[in-house]
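> Would you be able to build a 3D model of this:
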Amino acid sequence: MKKPFLLLLIATLLSGCMLVKPEREDFYIFSFDDFTIAPGYDDVEFMRLVFDLDLPDQLAAKEKLSEREVFFWDRYFAEVDIENNKDEETDISEAVITRFVYYLSNYPASVYKINDIELCDSVKQNCEMFSGEYIERNGYACAFGQKSAGRNQTVILYGDIFGIDQDKLDHVEITVE
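Predicted coordinates:
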């Protein structure tokens, strides 16, 4: 009697662990041209396949790196925060991207998308599409988010505070905490 109960308990625990594992689609996926980035899911190795980042080889347990510049063909266009969420030192390629900021004017792409929804030039119109909170303080911004895989995900669309049209989309920030 104990053996079937124990086997059932183990099977239940294993299936529960498999259900908890997040998929890439559970996170906000930012797309530009032919590239996609999913902060909270993608690791540094994923970004290093295409982009240049100046990073150390190893990260200590639970170590975080902030505001690291990302280059494409020697052109600065984004910055990332990286975190080693393991309890031991690990290779930098296994660290997870926890924040991604993309500057549209530094690398103009033909199309920008979040979760396959194409962004337009207006922060206000994008905010309506994503049912976000439109903020009008020292420029325009839109914030929206979700909780997935036990983590809070936030997207902020910023307007161009230095431009004549401050509602024009200037940069996109995606954070996972």
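> Assign the most centrally placed residue in the chain to one of the three secondary structure states.
The geometric centre of the chain, computed from its C-alpha atoms, lies nearest to Pro39 (Cα atoms, centre = their mean), at 2.2 Å. Secondary structure, DSSP: H, G, I helix; E, B strand; the rest coil: Pro39 is coil.
> Look at it and report its pLDDT.
At Pro39, the model reports a pLDDT of 95.
> what are the phi and psi values for it?
phi -60, psi 140 (degrees, to the nearest 10).
> next one: Glu94
The phi/psi pair for Glu94 (degrees, to the nearest 10) reads phi -90, psi -10.
> swap in Met129?
The phi/psi pair for Met129 (degrees, to the nearest 10) is phi -60, psi -40.
> Mind picking out the helix or strand in the protein with the poorest mean pLDDT?
Lowest on mean pLDDT, DSSP states H and E among the helices and strands of the chain sits helix 2-20, with a mean of 55.
> any weak-confidence spans in this protein?
Along the chain, the parts satisfying pLDDT under 70 run over 1-20.
> hang on, the earlier thing: might you report the residue contacts of the residue nearest to the centre of the chain?
Taking Cβ atoms under 8 Å, 6 or more residues apart in numbering, we find Pro39 in contact with 27-28, 30, 80, 97-100, 153, 174-176. Glycine gets a C-beta too; all of them are placed from N, C-alpha and C.
> Same question for Asp74.
Asp52.
> Could I get the phi/psi values of it?
Dihedral angles for Asp74 - degrees, to the nearest 10 - are phi 60, psi 20.
> Same check on Lys124?
The phi/psi pair for Lys124 (degrees, to the nearest 10) is phi -60, psi -40.
> Could you verify my assumption that it touches Asp167?
Yes - at 5.6 Å, Lys124 counts as touching Asp167 under the criterion of Cβ atoms under 8 Å.
> Need the residues touching each of those two.
Common neighbours of Lys124 and Asp167, counting by Cβ under 8 Å, 6+ apart, are Tyr140.
> what's the first-to-last distance across stretch 104-113?
Using Cα to Cα, to the nearest Å, the end-to-end distance of stretch 104-113 comes to 12 Å.
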